[in-house]
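Undergrad: Below is the structure, and that's it, no one-letter string:
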């Protein structure tokens, strides 16, 4: 275990080094931060003085070494736009993103496991065919389009009347197909303070209503993938010899499905799913933009528009660190669930 953690720490440092190099390599293509700060009316002499003050005229290697030395002390510099340490800016926006990812992950797990298992147990049922058809559509639709449709249906509302409204059944069907809207679809509302800069939407009903539409939109990216993955793995496990032997012994089908088969189904799902859940952090950029959710994704987009290079680099490194932590936790969980796997790479 200790050897595994040391190896992971080395990998994490290597990933952070590569990300920082890439981020610094593209900084010249992100625009002039001085122009974004002072505008067009400031004389060129003052702009040049600001470039010298911020060290923007230094060679690339000098800038990078200065940044790397400060980063080892967890000092990633000051944001040009916010005029604050970038770590403080990230810390202020990180809770909103983590809550959005957590809510989406909960929806994915709560829906994909029962739907995937049901679709594998009854592959020819009409409900299974419905789920598979919807999952194909869900994979094909980009997240921003899903977000816009959700806003139209549940925030703005849709009124349709394809059936005659002067009849009882027609009026009822029109009401069923129409939506009143009214759900919040902008920002976080009034989250409840927890400690420091951490505020949560989970602590109040009003906060949860603000979280519903962004969470459903973000979950729509991975939910179809997880449903089809669990179904495929479950079908493969149900065809294995030990399942056939369990049936021959007379073990109840419920026990076979939900104890023996499901446990082995989840092993590859944990591996693939853990990595995919980590990518939700990257997908929050589009979701947070559409819903104006004040998380890291929206902050990152604003930083790009304003050429806030220190904040961009800090964001990329934090997201890379989240991926490293996620992958490490997945490996640890996989080793606990499957005792035949040794984290050191040696056979059990």
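TA: It's in. Everything numeric in this text was worked out from a predicted model, so none of it was measured.

Undergrad: where does the chain dip in pLDDT?
TA: Counting by pLDDT under 70, the ranges of the chain that qualify are 1, 4, 27-32, 36, 39-40, 335, 337-348.

Undergrad: the helices in it, which residues?
TA: 2-25, 33-38, 44-54, 60-71, 86-121, 126-140, 143-150, 168-177, 205-238, 241-248, 253-255, 262-291, 296-305, 309-337 (DSSP state H).

Undergrad: in stretch 100-112, what's buried?
TA: Buried residues in stretch 100-112, counted by 16 or more other Cβ atoms under 10 Å: 100-101, 103-105, 107-109, 112. Heads up, the C-betas are built off the backbone N, CA and C, glycines and all.

Undergrad: same question, stretch 309-329
TA: By 16+ other Cβ under 10 Å, the buried positions in stretch 309-329 come out as 309-320, 322-324, 326-328.

Undergrad: gap between the residue nearest in space to the middle of the chain and residue 302?
TA: In the chain, the C-alpha nearest the mean C-alpha coordinate belongs to residue 280, at 1.7 Å (Cα atoms, centre = their mean). Taking Cβ to Cβ, to the nearest Å as the measure, residue 280 and residue 302 are separated by 20 Å.

Undergrad: And residue 279, by the same measure?
TA: According to Cβ to Cβ, residue 279 and residue 302 sit 21 Å apart.

Undergrad: One more: residue 160?
TA: Distance from residue 160 to residue 302, counting by Cβ to Cβ: 37 Å.

Undergrad: before we move on, what about residue 273?
TA: 31 Å.

Undergrad: between these two, which one's more packed in?
TA: Ranked by neighbour count (other Cβ atoms under 10 Å), residue 273 and residue 302 place residue 273 first, with 21 against 14.

Undergrad: Run through the residues that contact that one.
TA: Contacts for residue 273 were tallied using Cβ atoms under 8 Å, 6 or more residues apart in numbering; they are 226, 229.

Undergrad: So it versus residue 53, what's the distance?
TA: Residue 273 is 47 Å from residue 53, where distance means Cβ to Cβ.

Undergrad: and what of residue 252?
TA: The spacing between residue 252 and residue 53, counted by Cβ to Cβ, is 74 Å.

Undergrad: Also residue 37?
TA: Going from residue 37 to residue 53 by Cβ to Cβ gives 11 Å.

Undergrad: Quick one: neighbours of residue 256, just the number.
TA: With other Cβ under 10 Å as criterion, residue 256 counts 19.

Undergrad: you'd agree it is up against residue 245?
TA: No. Judged on Cβ atoms under 8 Å, residue 256 makes no contact with residue 245 at a distance of 10.2 Å.

Undergrad: what residues do the two have in common as contacts?
TA: Taking Cβ under 8 Å, 6+ apart as the criterion, residue 256 and residue 245 do not both touch any residue.

Undergrad: who does residue 78 bridge with?
TA: Residues in a beta bridge with residue 78, per DSSP bridges, are residue 85.

Undergrad: ok, it - contacts?
TA: 84-86, 310.

Undergrad: How about residue 155, nearest residue that isn't a chain neighbour?
TA: In space, and not counting its chain neighbours, residue 155 is closest to residue 185: 3.8 Å by Cβ to Cβ, 6 or more residues apart in numbering.

Undergrad: isn't the one you found right up against residue 151?
TA: Yes. Counting by Cβ under 8 Å, residue 151 is a contact partner of residue 185 at 4.7 Å.

Undergrad: Among these two, which residue is more densely surrounded?
TA: The residue with more neighbours, out of residue 185 and residue 151, is residue 185; 23 against 18, by other Cβ under 10 Å.

Undergrad: For that one, give me phi and psi.
TA: phi -140, psi 30 (degrees, to the nearest 10).

Undergrad: contacting residues around it?
TA: Contact analysis of residue 185 by Cβ under 8 Å, 6+ apart lists 150-151, 154-155, 213, 291.

Undergrad: Most neighbours of all these, which one?
TA: When neighbours are counted by other Cβ under 10 Å, residue 291 leads these with 28 neighbours.

Undergrad: hang on, that one packs against residue 216?
TA: No. Residue 291 is beyond contact range of residue 216, at 10.7 Å (criterion: Cβ under 8 Å).

Undergrad: wait, what's in contact with residue 7?
TA: Residue 7 touches nothing, counting by Cβ under 8 Å, 6+ apart.

Undergrad: My read is that residue 330 contacts residue 271, right?
TA: Yes. Residue 330 lies in contact with residue 271 (Cβ under 8 Å); the separation is 6.3 Å.

Undergrad: neighbouring contacts of stretch 319-336?
TA: 4-5, 8, 11-12, 15-16, 19, 267, 270-271, 274-275, 277-278, 281-282, 296, 341-343.

Undergrad: no, scratch that, I was asking about stretch 165-175
TA: The contact list for stretch 165-175, computed with Cβ under 8 Å, 6+ apart, reads 160-164.

Undergrad: Give me the buried positions along that stretch.
TA: For stretch 165-175, by 16+ other Cβ under 10 Å, it's 173-174.

Undergrad: same deal with stretch 221-239?
TA: Buried-residue list, stretch 221-239, by 16+ other Cβ under 10 Å: 221-235, 237-238.

Undergrad: How about the contacts made by residue 91?
TA: Here residue 91 is in contact with 196-197 (Cβ under 8 Å, 6+ apart).
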